[in-house]
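[1] From the sequence below, what's the structure:
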Amino acid sequence: FPLFWFNMPAILKGWMDRVLVQGFAYDLSKAYDGGLLQDKLSLLSFTTGGSQEMYSKEGIGGDIRYVLWPMQHGIMHFCGVKVLEPHICYAPENVSEEKRKEMLTAWSQRLKSLWKEEPIDCSPEWYFK
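    Model (predicted):
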């Protein structure tokens, strides 16, 4: 998805609101590592309008991990889902055709080995270190 105002697009958020409901995706007594979807994996794959430098600790947008906290930790991890490292293509509209092809190749290669990846820690330390 395209990162939109530092979040997922409204249509995707609406889908999550309708599908990830109490009793199916979460129960208040069973959250995070004990959540109802604990045997599932998630991977956010998205594009940004800004460069990688803009989403660094020193950048104007702040560390991209701060942006990911509500989506990965607050939604996915809350439901018990194990979260993989996100796949981010920074500013594809502002790079060369060659760089866009490299982005697609990297995504294709990652998909081939996705099931071998280890989930991230998904703790505040991972996001805010």
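[2] in this protein, which residue is closest to the centre?
    In the chain, the centroid-proximal residue (Cα atoms, centre = their mean) is Leu44; its distance is 3.3 Å.
[3] right, and that one touches His73 too?
    No - using Cβ atoms under 8 Å as the test, Leu44 is too far from His73 to be in contact (11.5 Å). Any C-beta I mention is one placed from the backbone N, CA and C, and that applies to glycine too.
[4] follow-up on the earlier one: let me see the backbone angles for the residue nearest to the centre of the chain.
    Backbone torsions for Leu44, taken as degrees, to the nearest 10, come to phi -90, psi 120.
[5] Need the pLDDT of the closest residue to it other than its chain neighbours.
    Nearest non-adjacent residue to Leu44, counting by Cβ to Cβ, 6 or more residues apart in numbering: Pro86, 4.4 Å away. For Pro86, the model assigns a pLDDT of 97.
[6] ok, Pro86 - contacts?
    When the contact criterion is Cβ atoms under 8 Å, 6 or more residues apart in numbering, the partners of Pro86 are Leu43, Leu44, Ser45, Phe46, Ile64, Leu68, Gln72.
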